[in-house]
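**Q** How does the following fold in three dimensions:
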Amino acid sequence: MISIRQIAHALGGQVAGRDTVLAPGPGHSRRDRWLAVLLDPSAPDGFLVHSHAGDDWRDCRDYVRQRLGLPAWQPGDGRQRAIPQQHVAKWDLAAIDRETESMPQPWTEDELARIDNAQRIWNEATDPRGTLAEKYLREHRKLDLPDELAGAVLRFHPRCPRRDETTRRME
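**A** Numbers count the residues shown, from 1 in each chain. Alright, predicted model coming up:
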């Protein structure tokens, strides 16, 4: 079994915990530490990867396997796996379960209410040209308000609700 220090060395990273390595991900600078590799015996290959830079986990997994000298991952193919044959099916299912858990879930009632409220405010808002919003952008932020943004990306609501500590109110 390869040690956590050997994994850190192979990835050009550093040990960040008993079972964790932080390392540069695929295509990243040697100084980066955006890729987290966690040793996990229940994972398909004995480790999990997470990119804090938003890289695809499959690319990161394949990158780690390549850097560790492991064969390319093949689902269910025990001959090319770095795990015992008797665990292949269980670990493949664990990988599928983890991927399924990361899929988008239906909106909650609270989230739907907040989305409806935000859409209502947007629909009530108007073109910001000639308003306090345009004046603020021009005088305080030293920014122009291009026509392609006015109304389509940036709008103005004269009584836009704002959160004030524990209450929401219209001003």
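**Q** Which segments of this protein make up each domain?
**A** 4-101, 109-169 (automatic domain parsing).
**Q** Counting neighbours, what do you get for residue 36?
**A** Residue 36: 19 surrounding residues under other C-beta atoms under 10 Å. C-beta: built from backbone N, CA, C; applies to glycine.
**Q** if you average pLDDT over the host helix or strand of it, what comes out?
**A** Residue 36 is part of strand 35-39, with elements assigned from DSSP states H and E. Strand 35-39 shows an average pLDDT of 92 in the prediction.
**Q** show me where the protein has strands.
**A** Listed in chain order, the strands of the chain (DSSP state E) span 14-17, 20-23, 35-39, 47-51, 162-164, 167-169.
**Q** Tell me which of those lies nearest to residue 74.
**A** strand 47-51 (16.5 Å; C-beta to C-beta).
**Q** what residue ranges in the protein score low on pLDDT?
**A** For the chain, the stretches with pLDDT under 70 are 1, 75-103, 163-171.
**Q** most residues in a single helix of it, which one?
**A** helix 109-124 (DSSP state H).
**Q** tally of neighbours for residue 15?
**A** So residue 15, with other C-beta under 10 Å, has 15 neighbours.
**Q** Let me see the contact set for it.
**A** Each residue near residue 15 by C-beta atoms under 8 Å, 6 or more residues apart in numbering is listed here: 4-5, 8, 21.
**Q** quick one: which of those residues has the most company?
**A** residue 21 (27 neighbours).
**Q** tell me the contacts of that residue?
**A** 4, 7-8, 11, 13-15, 36-37 are the contacts of residue 21 under C-beta under 8 Å, 6+ apart.
**Q** chain center to stretch 22-33: distance?
**A** Per C-alpha atoms, centre = their mean, to the nearest Å, the displacement of stretch 22-33 from the mean C-alpha position of its chain is 16 Å.
**Q** Next: stretch 129-138.
**A** 34 Å.
**Q** residues making contact with it?
**A** Outside stretch 129-138, the residues that reach it (C-beta under 8 Å, 6+ apart) are 128, 143-145, 150-151, 154, 156, 158.
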